[in-house]
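K.L.:
could you work out the structure for the sequence below:
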Amino acid sequence: MEKKIIISLGGSLIVPDDFDTKFLSEFKKLIESYLKKGFKFVIICGGGKTARKIQNAAKKIAKVDSEDLDWLGIYATKLNAALVWTAFKKDVEEVVIDNPNKKLSLRKIAIAGGWKPGCSTDYDAILLAKNLNVKKVINMSNVDYVYTKDPRIDKSAEKIEEISWVSFRKMVGSKWSAGMNVPFDPIAAKSAQKLKIEVNIIGKDLKNLKNLLDGREFKGTTIRG
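P.N.:
Predicted structure coming up:
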């Protein structure tokens, strides 16, 4: 596998309910072991429960629109990115929190949060992939595969191991809304298709991530084409 790696780290793994320090500690050890092998990483952090809690609070105290909710979510991703930065600070080049399009000379590792309303951190991951000329993005979240239906609601849902961008976009639609719960943001999907970027959707299993980084068989969904 290419040694320049972009990981969209879902907020559901950073803050599933409370901050998951056990997962983050193990994630840190794994990434550090690959830094020693010459790998370089950009880690884009999602908002998770941090975002949803502050968005729900805002709805209770004021009349908020979609852009207001997006900004609150962005600030949550930046807070989560600051936490992940703390874990890696001896190796971090910079925290990329303002614009994924700005020039970035990736020496070891960079940490990113959200950028602007209208999309999720998945879109930031695609923009950074374009910026760094990387053709694959790893998406880690509490979803281990793309499914034909929502497996939490419909037990007949079947996992999909490989799917085209055309088919995936038919599943998720074309519009983004704050707090949207899909395997990959529709806006990001559109850009990934245009740029011919492959996305690997995997869950939180770090042994599975290791297999992917090693170029071995892994459990998850590949979106390409």
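
K.L.:
so where's the longest helix in this structure?
P.N.:
The longest helix of the chain (DSSP state H) is helix 66-88.

K.L.:
helix or strand right after the lowest-mean-pLDDT helix or strand in the chain?
P.N.:
The helix or strand of the chain with the poorest confidence is strand 92-96; it has a mean of 72 (mean pLDDT, DSSP states H and E). Where DSSP states H and E defines the elements, the next helix or strand beyond strand 92-96 is strand 109-112.

K.L.:
now I54, what's its secondary structure?
P.N.:
Put simply, I54 is helix when judged by DSSP: H, G, I helix; E, B strand; the rest coil.

K.L.:
what's around it, how many residues?
P.N.:
The number of residues packed around I54, counting by other CB atoms under 10 Å, is 17. To be clear about C-beta, it is placed using only N, CA and C from the backbone, and glycine gets the same treatment.

K.L.:
same thing with P186?
P.N.:
With other CB under 10 Å as criterion, P186 counts 22.

K.L.:
pretty sure it is touching S174, no?
P.N.:
Yes. Using CB atoms under 8 Å, P186 is in contact with S174, at 5.3 Å.

K.L.:
buried ones in stretch 82-99, by neighbour count?
P.N.:
With burial defined by 16 or more other CB atoms under 10 Å, the residues of stretch 82-99 counted as buried are 83-85, 87-88, 92-93, 95-97.

K.L.:
got those as CSV, with distance to G220 columns?
P.N.:
As requested, the buried residues of stretch 82-99 are exported to CSV (distance: CB to CB, whole Å):
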residue, distance to G220
L83, 25
V84, 21
W85, 26
A87, 24
F88, 24
V92, 27
E93, 28
V95, 27
V96, 25
I97, 27
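
K.L.:
any idea which of those is closest to A157?
P.N.:
A157 has its nearest neighbour among those in V84, at 31.0 Å by CB to CB.

K.L.:
show me what contacts that closest one?
P.N.:
By CB atoms under 8 Å, 6 or more residues apart in numbering, the residues touching V84 are 9, 14, 24, 43, 45, 111.

K.L.:
of these, which is the most crowded?
P.N.:
Going by other CB under 10 Å, C45 tops those with 32 neighbours.

K.L.:
tell me the contacts of that residue?
P.N.:
C45 makes contact with 9, 11, 14, 77, 80-81, 84, 111-113, 121, according to CB under 8 Å, 6+ apart.

K.L.:
export those to CSV and tack on pLDDT?
P.N.:
Below are those laid out as CSV (pLDDT from 0 to 100):
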residue, pLDDT
L9, 96
G11, 91
I14, 95
T77, 93
N80, 94
A81, 93
V84, 94
I111, 92
A112, 92
G113, 91
T121, 88
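
K.L.:
for the chain, give me the ranges with low pLDDT.
P.N.:
1-2, 94, 96-97, 176-181 (pLDDT under 70).

K.L.:
got the residue ranges for the helices in it?
P.N.:
Under DSSP H, the chain gives helices at 11-14, 21-35, 48-61, 66-88, 121-132, 165-172, 186-195, 206-213.

K.L.:
tell me the most buried of the ones you listed?
P.N.:
Highest mean neighbour count among those (mean count of other CB atoms under 10 Å): helix 121-132, with a mean of 24.

K.L.:
fine, thanks again, bye for now.
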